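[1] whatever this is, show me its structure:
(one chain, ligands or ions: 1)
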Amino acid sequence: MPVSIKSAKEIELMRTAGRILGRVHEELAREIVPGMSTLDIDRICEELIRSYGCIPSFLNYEGFPASVCVSVNDEVVHGIPSGRRIVKEGDIISLDTGVIYKGYQSDAARTVGVGNISKQAADLIERTKLCFFAGMQYAKAGGRLFDISAAIDSHAQYGYGVVRDLVGHGIGRNMHEPPEIPNFRQRFRGIRLRPGMTLAVEPMINIGTWRVNWSSNGWTVTTADGSLSAHYENTILITRSGPELLSVTEEEAENLNQMYLAV
Ligand code: MG
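    Residues are numbered from 1 along each chain as shown. All right, here's what the predicted structure looks like:
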């Protein structure tokens, strides 16, 4: 299946979906406090998404039982919210969620600290974000897809492990569309990027090994060595001049442009 090119009208809908998702993430992050359960986080997230007139895209996706994947500490992705899982001061939590607005999808992940977190954890979160922006340097029309992968990989450095089992993806009417976007170096440079492609780029970085284990619940992925893991993802639009970050608020877009230049 070829990679779809979105029309101006479709892009406008994905922009709206993305702005809403950016706001959901911002508001959700503010609600996280020690003592709440990961199920509390899911309830707040679902309420936020619906308050903006959107559908939570993760809910019931291939049977996933919640609106947000809440992955704590050594959990890499696909943590299932539970009333028994209580978050505590010092934890880091990756929140991966998506919305559907008038049939169009947006997908984004943030990793947030609960209260005060260790410097090691804060550095990991920052490094993961920087890896995403290193990839963004190559996310423009005429560029090659796997140059994004290679840039993410090489920016991780310093002994961090870049998860290989899970990849980014095209996005549009469906949450997962071609192409797959690995976060590590490939043998080839991949397809040529064209204006109107919409992609979800999502590095997952561990403090230790890149190797992961898959839980018997069929979903949750954890680091093989028990080290902390962070995840950062945005839905982007490929344009001639570079990526447009769709899944962020307007204010965030301004700040992130500076971050992008700083990598
Ligand atoms: Mg994704």
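
[2] which ones are touching the residue of the stretch 1-150 of the chain found nearest the ion?
    Of all residues in the stretch 1-150 of the chain, residue 107 sits closest to the ion, with a separation of 4.3 Å (Cβ to the ion). C-beta: built from backbone N, CA, C; applies to glycine. For residue 107, the residues meeting the contact criterion (Cβ atoms under 8 Å, 6 or more residues apart in numbering) are 21, 57, 96-98, 171, 175, 200, 202, 233, 235, 247.

[3] can you rerun that using 10 Å?
    The neighbourhood of residue 107, defined by Cβ atoms under 10 Å, 6 or more residues apart in numbering, consists of 17-18, 21, 57-58, 96-99, 168-169, 171, 175-176, 199-200, 202, 233-235, 246-247.

[4] got it, and residue 143?
    With contacts defined as Cβ under 10 Å, 6+ apart, residue 143 is in contact with 137, 189-190, 192-194, 238, 242-243.

[5] pipe those into JSON lines and attach distance to the ion per row.
    As requested, those are exported to JSON lines (distance: Cβ to the ion, whole Å):
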{"residue": "137", "distance to the ion": "20"}
{"residue": "189", "distance to the ion": "22"}
{"residue": "190", "distance to the ion": "18"}
{"residue": "192", "distance to the ion": "22"}
{"residue": "193", "distance to the ion": "18"}
{"residue": "194", "distance to the ion": "21"}
{"residue": "238", "distance to the ion": "16"}
{"residue": "242", "distance to the ion": "21"}
{"residue": "243", "distance to the ion": "15"}
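
[6] so where does residue 12 fall, helix or strand?
    Residue 12 is part of helix 8-31, with elements assigned from DSSP states H and E.
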